[in-house]
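Q: Task: produce atomic coordinates for the following.
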Amino acid sequence: MGSAKKIVMTPAYLCISLDLKLVCINGSLTYTEAGKLPKNNNIPWRRDSGLQDGSEATDVKGGLVGGYYDAGDNTKFHFPMSFAMTMLSWSVIEYEHKYRAIGEYDHVTDLIKWGTDYLLLTFNSSATKIDKIYGQFGGSQNGSQTPDDHYCWQRPEDMDYTRKSITLTSGPDLAGEMAAALASASIVFRNNPTYSKKLVSGAKTVFAFARDGGRRTSYSRGQPFIEPYYNSSGYFDEYMWGAAWLFYATGNSSYFSLATNPGIPRNAKAFYMIRDLSVLSWDNKLPAAMLLLTRIRLFLSPGYPYEDMLRSYHNVTGLTMCSYLQRYNVFNWTRGGMIELNHGRAQNLQYVANAAFLASVFADYLNASGVPGWNCGPSFIPISALKDFAASQISTSYTSSAQITTTQNNSDHSRTAQITTEQLRSQNISDHNKTTQIAADQIRSQKLISDHSCSDQHGHICSVKPARSNQQGQTDMVKPVRSNQLGQTRSD
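A: Next up is the predicted model:
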């Protein structure tokens, strides 16, 4: 270790999932390096920086040197950093052969290891029980008149002001995401057993910290250097996300049981059709976690006692994919054809890229299962619609065609279906006494949740069924090199 790099997005995981041109991959894997630069530094005009980071942390040998700067500033925010590592690892797990085909496999795994090496420094990863984690390094306080990462807007090489680490004794959201990052990376590095085991051990330790009943206060609450920038809205999505990745990494069924425990989605509001909860971000992992668990249903068919909850996750995933299609007008779209997942506010591209990745992966899962599509209410949607959506979003991201001005809702209901915002905000999709109307003038009597849907005694939904169920229980999906590793069921 020894440096920090700036994270640059459009994500490689989206480019690789769509077989896009090499310029997309190379561009998304171009990181502005800093710190004690490695030999493979690909931006030669950058110099060392941040070599004293964490020097006051006497319990960390060598300090907190390394990791990634966030964006244009020089702060190392561990919450979004961990999320970025998880997503990169997921893309390698699913699409390793594509990275290898274009000569970027070593590059992307170097980037992941750079991040996970740093995350292992932020807590006592050799212990089985910890009482603190380092939640951030550097930062700025709103209105500050003293030098900090925003008051002094400059190159990291030029930093000469005091920067400190933020120590946390609680933070289930941050710790859950760190566990996801380490666990997913452990799968990527299974060809390096020593390092992979180290990552798994660290993931278990930090997830135990996340689950500690006495430490369930958000990592950002009351933190003036964190809350204004990367405030967490909750931690039950990270419980589901972290537990799912730990199950994949270890095969320990206790993590699978936690990820499918009814209390987790209930507290995360996973079964409510709340529009914002269908948007994957550094703060909201629900759509990704439910897709990851849907993967288990499609390829492993674990059956009782997991099937009811996995079916619910699968159905919500289908509804999420429906919401990404322009015909349903769940979200506004720009005139250039870009979906607006953050309601017209700044920094839309990260959400667009995440949604496009999920759509592409779900399409690949269905295709590998021999399922040609899924249902959005009364309409059957082929998987090609998801690939088209994903490709159009990354294409729009790379062109100047997208306009800031959003399109108005289409008033021609004979051609365009509409799901009202009010219904999306309020509707519990397991409450079938209510209906979600689509195409108000044309098919007012139809439901997004079709007439063949149901709700069992546990409140699990069972709608949006695939065109045909997978009878084979196959595990060879999208031909990822490590599909068999993800499919393991051993106990440790």
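
Q: Buried residues of stretch 330-344, list them for me.
A: Going by neighbour count (16 or more other Cβ atoms under 10 Å), the buried part of stretch 330-344 is Val330, Phe331, Asn332, Trp333, Thr334, Gly336, Gly337, Met338, Ile339, Glu340, Leu341, Asn342. From N, CA and C alone the C-beta is placed, and that goes for glycine too.

Q: same question, stretch 262-279
A: For stretch 262-279, using 16+ other Cβ under 10 Å, the buried residues are Ile264, Pro265, Ala268, Ala270, Phe271, Tyr272, Met273, Ile274, Arg275, Leu277, Ser278, Val279.

Q: Next: stretch 373-386.
A: Neighbour-count burial for stretch 373-386 flags Gly373, Trp374, Asn375, Cys376, Gly377, Ser379, Ile381, Ile383, Ala385, Leu386 (criterion: 16+ other Cβ under 10 Å).

Q: With stretch 83-103 instead?
A: Neighbour counts over stretch 83-103 (16+ other Cβ under 10 Å) mark 83-96, 98-99 as buried.

Q: Below-threshold pLDDT in this protein: ranges please.
A: Low-confidence segments of the chain (pLDDT under 70): 1-35, 399-492.

Q: Try it again at 80.
A: 1-47, 71-72, 142-145, 152-153, 344-346, 398-492 (pLDDT under 80).

Q: Identify, from the buried residues of stretch 373-386, the entry nearest to Tyr239.
A: Minimum distance to Tyr239 across the buried residues of stretch 373-386 is 26.6 Å, recorded for Trp374 (Cβ to Cβ).

Q: For Gln393, see how far away the residue lying closest to that closest one once chain neighbours are set aside is.
A: Residue nearest to Trp374 in three dimensions, not counting chain neighbours: Gly318, with 4.8 Å by Cβ to Cβ, 6 or more residues apart in numbering. As judged by Cβ to Cβ, to the nearest Å, Gly318 and Gln393 stand 19 Å apart.

Q: Lys39 too?
A: Distance from Lys39 to Gln393, by Cβ to Cβ: 36 Å.

Q: Pick out whichever of these two has more residues nearby.
A: For the pair Lys39 and Gln393, the greater number of neighbours falls to Gln393 (26 against 4), based on other Cβ atoms under 10 Å.

Q: name the element that one belongs to?
A: helix 384-397 (DSSP states H and E).

Q: Just say helix, strand or coil for the residue nearest to Trp374.
A: helix (DSSP: H, G, I helix; E, B strand; the rest coil).

Q: any chance you could map the helices in the stretch 151-300 of the chain?
A: Secondary structure of the stretch 151-300 of the chain (DSSP state H, counting those that start in this stretch): helices at 172-188, 193-211, 227-230, 236-250, 253-259, 263-268, 286-300.

Q: Which of the ones you listed sits closest to Ser140?
A: For these, the distance to Ser140 is smallest for helix 227-230, at 8.3 Å, taking Cβ to Cβ.

Q: gap between the closest one and the chain center?
A: Here the centre of helix 227-230 is set off from its chain's centre by 18 Å, with Cα atoms, centre = their mean, to the nearest Å.

Q: on that earlier part again, and which of the buried residues of stretch 330-344 is nearest Gly67?
A: Gly67 lies nearest to Asn342 out of the buried residues of stretch 330-344, by Cβ to Cβ, at 25.8 Å.

Q: Restricting to C-alpha, output the helix or strand hosting His107 in PDB.
A: Here His107 sits within helix 105-121, counting by DSSP H and E. Only the C-alpha atoms of helix 105-121 are listed here, as PDB (Å, rounded to 0.1, in the frame of the first residue of the first chain):
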ATOM      1  CA  TYR A 105      -8.300  -8.400 -15.500                       C
ATOM      2  CA  ASP A 106      -5.000  -7.700 -13.800                       C
ATOM      3  CA  HIS A 107      -5.800  -4.000 -13.800                       C
ATOM      4  CA  VAL A 108      -9.200  -4.300 -12.200                       C
ATOM      5  CA  THR A 109      -8.100  -6.800  -9.600                       C
ATOM      6  CA  ASP A 110      -5.200  -4.500  -8.700                       C
ATOM      7  CA  LEU A 111      -7.700  -1.700  -8.100                       C
ATOM      8  CA  ILE A 112      -9.900  -3.900  -5.900                       C
ATOM      9  CA  LYS A 113      -6.900  -5.100  -3.900                       C
ATOM     10  CA  TRP A 114      -5.800  -1.500  -3.400                       C
ATOM     11  CA  GLY A 115      -9.100  -0.800  -1.800                       C
ATOM     12  CA  THR A 116      -9.400  -3.900   0.300                       C
ATOM     13  CA  ASP A 117      -5.800  -3.600   1.600                       C
ATOM     14  CA  TYR A 118      -6.800  -0.200   2.900                       C
ATOM     15  CA  LEU A 119     -10.100  -1.300   4.400                       C
ATOM     16  CA  LEU A 120      -8.200  -4.000   6.300                       C
ATOM     17  CA  LEU A 121      -6.300  -1.200   8.000                       C
END
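
Q: which other helices and strands contact the very next helix or strand once past that helix?
A: Going down the chain from helix 105-121, the next helix or strand is strand 133-137, by DSSP H and E. Packing partners of strand 133-137 (3 or more Cβ pairs under 8 Å, 6 or more residues apart in numbering; DSSP states H and E): strand 76-77, helix 78-101, strand 165-168, helix 172-188.

Q: Asn316 touches Met290, doesn't it?
A: I think there's a mix-up here, since residue 316 is Val and not Asn. Yes. Between Val316 and Met290 there is a contact under Cβ atoms under 8 Å: 5.5 Å.

Q: what about the two, which has more around it?
A: Met290 (30 against 27).
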